[in-house]
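Novice: Sequence first, predicted model second:
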Amino acid sequence: MRIVIKLGTSTLAHATGRLNIRRIEHLCRVMSDLKNSGHEIILVSSGAIGMGVGKLGLGGRPDDIAAKQAAAAVGQCELMYVYDKLFTEYNHTVGQILITGLDIENGERRVNFENTLYKLLEFGALPIINENDTVSTDEIEIGDNDTLSAIVASSIGADLLIVLSDINGLYNKNPKTCPDAELIEVVKEITPEITALSDGKGVLGTGGMATKIKAAELATKSGCDMVIANGAEPELLYDIVEGKSVGTRFLKRDE
Ligand code: GLU
């Protein structure tokens, strides 16, 4: 299977913004193993801004764009350094791709992006994609990596998109405020009722349930299942790939 895995800031970093070492080590081991078993893995990783905030000791996510861009410049280095180191331990080669909204909208740039991606897969490398936050401004940004991961999944005909976050999946009510909230295991169709279930967002990351549901719409429309699951348990990736019920699975639409 061709699998796109999206890791959110809340999965990769502690609340301080510093790297969650145990988590990222575990995730890279499981992803390496999935790759060893024959799956193609493409990673969409957030965390550049969050980790830059931690490393620069800024004390919280800045509001002004230049500070965010500077934080991303620092955090992206740390991210790639760690991914390169951990995947190399398992004999896998990573390649970094940074894009903005312009690269998706412009036909020629999009073709270049897709060609690079296909070539990396052909070479057996593991592409790691993020938004190019250092040059992104409101006008040209994709804005969140949930959307970016769905764009990637649809661009390269992925079979499965897995979005790992700090939540177990989609609930019928807000699980943070309603103790009787129930997890929705399968979504066959994204109805207005499903869209209405989105809630707020985390402290360091960008997305939330709204961007995940939007991503699910895009992915399922292009023939790709999408699963939202909790990144705190990397072993769940095995079950998700085997089609077991974990988190919330949005079923691809059959055209
Ligand atoms: N590109 C942002 C970062 O690396 C993350 C966007 C998102 O979390 O959706 O910090």
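Specialist: All right, it came through fine.
Novice: Spell out which parts of the protein neighbour the ligand.
Specialist: 8-9, 46-50, 72, 130-131, 133, 144-145, 205-207 (C-beta under 6 Å from any ligand atom). C-beta coordinates here come from the backbone N, C-alpha and C atoms, glycine included.
Novice: Cross these against strands and list the overlap.
Specialist: 130-131 (DSSP state E).
Novice: With respect to pLDDT, which of the residues of the chain next to the ligand ranks lowest?
Specialist: Least confident of the residues of the chain next to the ligand in the model: Gly205, at 50.
Novice: by contact count, what packs against the strand or helix carrying Tyr81?
Specialist: Following DSSP states H and E, one finds Tyr81 within helix 65-89. On a contact count with 3 or more C-beta pairs under 8 Å, 6 or more residues apart in numbering; DSSP states H and E, helix 65-89 meets helix 21-36, strand 40-45, helix 48-56, strand 94-99, strand 126-131.
Novice: Filter the residues of the chain next to the ligand down to the buried ones.
Specialist: 8-9, 46-50, 72, 130-131, 133, 144-145, 205-207 (16 or more other C-beta atoms under 10 Å).
Novice: What does Asp144 show for phi and psi?
Specialist: Phi and psi for Asp144, reported as degrees, to the nearest 10, are phi -150, psi 150.
Novice: Quick check, it in contact with Lys212.
Specialist: No. Using C-beta atoms under 8 Å, Asp144 makes no contact with Lys212, being 9.1 Å away.
Novice: looking at this, Ile194 is in a helix?
Specialist: Yes. Counting by DSSP: H, G, I helix; E, B strand; the rest coil, Ile194 is part of a helix.
Novice: among the helices and strands packed on helix 65-89, where is the model least confident on average?
Specialist: helix 48-56 (a mean of 93).
Novice: between it and strand 94-99, how big is the angle?
Specialist: Here the directions of helix 48-56 and strand 94-99 differ by 110 degrees (axes from the mean of the first three to the mean of the last three C-alpha atoms, to 10 degrees).
Novice: Counting neighbours, what do you get for the closest residue to Cys178 other than its chain neighbours?
Specialist: Leaving aside its chain neighbours, Cys178 sits nearest to Tyr171 (8.0 Å; criterion: C-beta to C-beta, 6 or more residues apart in numbering). Number of residues near Tyr171 (other C-beta atoms under 10 Å) recorded here: 19.
Novice: I'd like to know how far Tyr171 sits from Pro179.
Specialist: Distance, Tyr171 to Pro179, by C-beta to C-beta, to the nearest Å: 11 Å.
Novice: One more: Val227?
Specialist: Val227 is 24 Å from Pro179, by C-beta to C-beta.
Novice: what's the straight distance from one end of stretch 185-194 to the other?
Specialist: Counting by C-alpha to C-alpha, to the nearest Å, you get 12 Å between the two ends of stretch 185-194.
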